[in-house]
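**Student:** Need coordinates for the following:
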Amino acid sequence: MEAAGKEEISVEDEAVDKTIFKDCSKIAFYRRQKQRLTEKAAYQALLDSVTTGKDSTRFQIINEVAKVPLLAEVYGIEGNIFRLKINEETPLKPRYEVPDVLTSKPSTVRLTSCSGDTGSLVLADGKGDLKCHITANPFKVDLVSEEEVVMSINSLGQLYFEHLQNPLKQRATKENEEDTSVDTTQENQDELGLWEEKFENFVDVKVNGPASIGLDFSLHGFEHLYGIPQHAESHQLKNTGDGDAYRLYNLDVYGYKIQDKMGIYGSVPYLLAHKLGRTLGIFWLNASETLVEISTEPAVKYTLTQMGPVAAKQKVESRTDVRWMSESGIIDVFLLTGPTPSDVFRQYSYLTGTQAMPPLFSLGYHQCRWNYEDEQDVKAVDAGFDEHDIPYDVMWLDIEHTEGKRYFTWDKKRFPNPKRMQELLRSKKRKLVVISDPHIKVDPNYSVYAKAKEQGFFVRNHDGGDFEGVCWPGLSSYLDFTNPKVREWYSSLFAFSVYQGSTDILHVWNDMNEPSVFRGPELTMQKNAIHHGNWEHRELHNIYGFYQQMATAEGLIQRSKGKERPFVLTRSFFAGSQKYGAVWTGDNTAEWSYLKISVPMLLTLSITGISFCGADVGGFIGNPEAELLVRWYQAGAYQPFFRSHATKNTRRREPWLFGEEHTRLIREAIRERYALLPYWYSLFYFAHVASQPIMRPLWIEFPGELETFGVEDEYMLGSALLVHPVTEPKATVVDVFLPGSNEVWYDSKTFSHWKGACTVKIPVSLDTIPVFQRGGSVVPIKTTIGKSTGCMTDSPYGLRVALSTKGSAVGEVYLDDGHSFQYLHQKQFLHRKFLFSSGVLINSCADERGRYPSKCVVEQIFFLGLKKQPSSVTAHSSDGKAQPVAFTYCAKTSTLSLEKLSLNIGADWKVHIQ
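**Tutor:** Presented below is the predicted three-dimensional model:
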């Protein structure tokens, strides 16, 4: 190991052969559960053991062979949620239960016991329309809503629970004390990885033996499932064959393979199921390595069943079975009963929190590469944007900005005066983001390392010393972010007095936090490394990155004395990461297929709570051709996190390096993003307060339309815009599906309109981004674009009013100071509602609690779908004064344009069209 520290570390350490990652056949707990090793008999519930406490109903479950009771607890939780926990009744030592993900202890609803048949127990919530029907033998739970069974648990008998055991050396050798549930022949132990699991040159020693858990869920009438990011896969989850489960295990996979179920950088163990009339969610709260199998039986119209001498026809509805398997911990699962998609989003965010309200600058465009070489390079790139009239908000610095990959330092030769560099950016109201990874270079002269070592803040190896592994700086130790004291200390490192050369425009990027350990098993940390509380790494692997982002966000808030919103991007994440910032899809490749897969990947993140997500524009690895780069900018401009990034040794690709025509097209795409900022910012506010995703698959907006359930090449941005990125080279036409039989859709460039519920062929040239505004919506925009979001604070607004088939439209805008917590603590915000009906557009207050003085005016209103030319247009202020308004009507496109208005965005007013 010591020698490794002296070697030069290169990108090649990360860009490794994919065979160093396990497939299912190499995962011992998967093999054991598939062989149903300990399951020679079914589990049964002992209903005579039922006790009802203040919060939960408890009973024992026992398996005839193991004869060791498990304890099951059923909770009713506010907002139509059930929680089922299964643990050993008397474990050898406590089993890990995931802390810090739930925002608080969920409020429970008392479940009342209704009479069931003998051998069953029925628990109902207060309203009585949701029931939990527990069958004793074999043990099964049915979730019943309005007399319909929507979900069954353990109906396939796949409940699996390996009990902790004394270490081998302490175990009695007498035959009569041998555990009958485990075949202990040496050969079988090796195959099943009970006490030791070998992979390549690594041996994972399990002190208390195997401890995996598993459970099956049958979803009745459901064929469409979504969620469980992160995989470079389709939005709709696919059936898994043997050895082909979805893996949730955070790993640093450089240039990951697409259409693959292997785990990559983050894990959210949460899936949604949707059918006509109902949406459900299953949140499996477990941070150890997890595998999910899915098997859908489509509906069969008729099946022949033998009933006595007569063959009868019987309808069989579809069903999807989901099997969750985790390496350790307990079974702790939340059943979100909907019934609508937005109910499920609310239920999940009630448990794990909503998307943090981002500072406005972070919704602008971000410019990044590994690496901008020095202060001169930063200055030149910054000037290039101004010279080419391209707005941008944030300059990014990767690992080379530090002194020898020591985070919180600056390379004195390349960045001798970081404050001066930040002042240059500040003068144009721009920001800087720097990288801070969790590995700390082993160097007693590096103060961060010395202090962390002295206080015992590193993850330990199983022998008790500090864990050491190789990463960018060479030999490194890894901060134990699971320890609250470590998080507190790490947060304090961002204080301006501690982080020399930092200013209040500096924000942070957490990378490599899976954690990535070069030359470790699967490029990560050994599972038997030891964390705070003596927990093994295996118990909490998937939550390590979540904790780093939490500590970083807290550090940025603290340095501003609690006043300013932080911006933190993380590569690794877990359920609840949305509370701390943004996520991206990691090390993608400059190929068309990666542009295409970014859409379903981001849709999946969005519906699992992480709205602030994006993919590296242009592809991180390799050199995109000009056409691909343009198309990627056009797609990225309509995705929540908008950043261009490229790895070392790629050709420079600032937007103006591909010839004048391509520069113009990229400029247009970025300027469209800036024009739409009021809409984006409002969507983020609604995600923050009402849990609604920003980037939405069509099925969320059109839950009653079967044909939307599998669409993943286009999506809704909020409820008003439909975006269909062009993801094929040399495309001249794209097929766009416009949903909703009662809808009308307007092309946002040509103003052509179509009735919904059809697929239209849209001609595209390289300057076309197919974006459609939904009839019945009002979209707020900015009419002038500045150098950055900060330069546009007082610039005027415009409204794009698209009329529905009934001739009406509604929309909202939210604004505040864009950077502080005043919106929360002092209610300093404006939330306005626009309603157009019967020829009158009204601006009224949507939330009376908010107060925010804004100089901004609406100077332009553009109507789409206005069938006849008006004779007059007048604006009426709240004091009753009327003013004639100049207008232009185009009969060919049925559009009306009102210009040179001066209507305050925060005041009540009306515009009459006669």
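
**Student:** C-alpha only now, for contacts and for neighbours.
**Tutor:** Fine.

**Student:** how about stretch 360-374: buried residues?
**Tutor:** 360-372, 374 (16 or more other CA atoms under 10 Å).

**Student:** chain center to it, what's the gap?
**Tutor:** 21 Å (CA atoms, centre = their mean, to the nearest Å).

**Student:** Can you tell me what sits against it?
**Tutor:** 378, 391-401, 414-415, 430-431, 567, 640-648, 670, 673-674, 677, 680-681, 788-790, 818-819 (CA atoms under 8 Å, 6 or more residues apart in numbering).

**Student:** distance between the ends of that stretch?
**Tutor:** 27 Å (CA to CA, to the nearest Å).

**Student:** Now do stretch 368-380: distance to the chain's middle.
**Tutor:** 30 Å.

**Student:** Show me where the stretch 351-500 of the chain has its strands.
**Tutor:** Applying DSSP state E, counting those that start in this stretch to the stretch 351-500 of the chain gives strands spanning 365-367, 394-397, 431-435, 439-441, 468-471, 474-478.

**Student:** To residue 597, which of these lies closest?
**Tutor:** strand 365-367 (21.1 Å; CA to CA).

**Student:** Need the per-residue pLDDT for the spatially closest residue to residue 858 that is not a sequence neighbour.
**Tutor:** Spatially, and ignoring its direct neighbours in sequence, residue 858 is nearest to residue 797 (4.5 Å; CA to CA, 6 or more residues apart in numbering). For residue 797, the pLDDT comes out at 98.

**Student:** got the contact list for residue 797?
**Tutor:** Contacts of residue 797 by CA under 8 Å, 6+ apart are 780-783, 856-860, 905.

**Student:** Need phi/psi at it.
**Tutor:** For residue 797, the backbone dihedrals (degrees, to the nearest 10) come out as phi -100, psi 160.

**Student:** Contact partners for the closest residue to residue 495 other than its chain neighbours?
**Tutor:** Of all residues not flanking residue 495 in the chain, residue 559 sits nearest, at 4.9 Å (CA to CA, 6+ apart). If you count contacts by CA under 8 Å, 6+ apart, residue 559 has them with 492, 494-496.

**Student:** and what of residue 415?
**Tutor:** 374-375, 401.

**Student:** Surely residue 858 touches residue 903?
**Tutor:** Yes - counting by CA atoms under 8 Å, residue 858 does reach residue 903; the two are 5.1 Å apart.

**Student:** Give the intersection of the neighbour lists for these two.
**Tutor:** Counting by CA under 8 Å, 6+ apart, nothing touches both residue 858 and residue 903.

**Student:** Could you list the low-pLDDT ranges of this structure?
**Tutor:** For the chain, the stretches flagged by pLDDT under 70 are 1-8, 10-16, 37-40, 116, 171-187, 189, 301-315.

**Student:** how about a cut-off of 90?
**Tutor:** Low-confidence segments of the chain, defined by pLDDT under 90, span residues 1-19, 36-41, 64-68, 114-118, 125-129, 146-147, 167-192, 241-243, 298-317, 878-880.

**Student:** Identify the single longest strand in it, thanks.
**Tutor:** strand 43-52 (DSSP state E).

**Student:** As a markdown table, the buried residues of stretch 360-374 with distance to residue 686 would be great.
**Tutor:** As requested, the buried residues of stretch 360-374 are exported to a markdown table (distance: CA to CA, whole Å):
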| residue | distance to residue 686 |
| --- | --- |
| 360 | 14 |
| 361 | 18 |
| 362 | 17 |
| 363 | 15 |
| 364 | 18 |
| 365 | 21 |
| 366 | 23 |
| 367 | 27 |
| 368 | 28 |
| 369 | 32 |
| 370 | 34 |
| 371 | 35 |
| 372 | 36 |
| 374 | 40 |
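
**Student:** From these, pick the one nearest residue 520.
**Tutor:** residue 370 (23.6 Å).

**Student:** follow-up on the earlier one: okay, among the contacts of residue 797, which ones form the most distant pair?
**Tutor:** 783 and 905 (13.3 Å).

**Student:** Compute the distance from the centre of stretch 148-168 to the centre of its chain.
**Tutor:** So, by CA atoms, centre = their mean, the centroid of stretch 148-168 is 28 Å from its chain's centroid.

**Student:** what's in contact with it?
**Tutor:** 33, 36, 38-39, 42-43, 88, 91-93, 138-144, 207-221, 323.

**Student:** Give me the buried subset of the contacts of residue 559.
**Tutor:** Applying 16+ other CA under 10 Å to the contacts of residue 559 flags 492, 494-495 as buried.

**Student:** Just the residues you listed: which are in helices?
**Tutor:** Members of the buried ones among the contacts of residue 559 lying in helices (criterion: DSSP state H): residue 492.

**Student:** can I get the buried ones among the contacts of residue 559 in a markdown table with distance to residue 662?
**Tutor:** Output for these, formatted as a markdown table (distance: CA to CA, whole Å):
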| residue | distance to residue 662 |
| --- | --- |
| 492 | 45 |
| 494 | 40 |
| 495 | 42 |
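
**Student:** which stretches of the stretch 51-200 of the chain form helices?
**Tutor:** Along the stretch 51-200 of the chain, counting by DSSP state H, counting those that start in this stretch, helices occupy 186-192.

**Student:** how close does the spatially closest residue to residue 711 that is not a sequence neighbour sit to residue 360?
**Tutor:** Spatially, and ignoring its direct neighbours in sequence, residue 711 is nearest to residue 698 (6.9 Å; CA to CA, 6+ apart). Between residue 698 and residue 360 the distance is 26 Å, computed by CA to CA.

**Student:** Please apply the same query to residue 104.
**Tutor:** 28 Å.

**Student:** One more: residue 438?
**Tutor:** Distance of residue 438 to residue 360, given as CA to CA: 27 Å.

**Student:** Same question for residue 635.
**Tutor:** 20 Å.

**Student:** Kindly report the same for residue 163.
**Tutor:** Distance from residue 163 to residue 360, by CA to CA: 50 Å.

**Student:** what's the answer for residue 251, then?
**Tutor:** 31 Å.

**Student:** Also residue 710?
**Tutor:** In terms of CA to CA, residue 710 sits 33 Å off from residue 360.

**Student:** how about the helices in the stretch 501-650 of the chain?
**Tutor:** 537-540, 544-559, 592-607, 626-636.

**Student:** which stretch among those comes nearest residue 813?
**Tutor:** helix 592-607 (21.2 Å).

**Student:** Buried residues, the closest one. List them.
**Tutor:** So, applying 16+ other CA under 10 Å, buried residues of helix 592-607: 592, 594-607.

**Student:** Who are the packing partners of it?
**Tutor:** strand 224-227, strand 613-614, strand 695-696 (3 or more CA pairs under 8 Å, 6 or more residues apart in numbering; DSSP states H and E).

**Student:** which among the contacts of residue 415 gets closest to residue 23?
**Tutor:** Using CA to CA, these come closest to residue 23 at residue 401, 36.7 Å.

**Student:** The closest one is in contact with residue 414, isn't it?
**Tutor:** Yes - in this structure residue 401 lies within contact range of residue 414 using CA under 8 Å: 7.2 Å.

**Student:** More neighbours: which of these two?
**Tutor:** Shown here are residue 401 and residue 414; by other CA atoms under 10 Å, residue 401 has more neighbours (28 against 18).

**Student:** Now do the contacts for that one.
**Tutor:** So residue 401 contacts 371-374, 410-411, 414-415 (CA under 8 Å, 6+ apart).

**Student:** run the last query once more with 10 Å
**Tutor:** 370-375, 407-415, 418, 434-435 (CA atoms under 10 Å, 6 or more residues apart in numbering).

**Student:** now residue 802
**Tutor:** Per CA under 10 Å, 6+ apart, neighbours of residue 802: 720, 744-746, 748, 751, 773-779, 808-811, 836, 862-866, 895.
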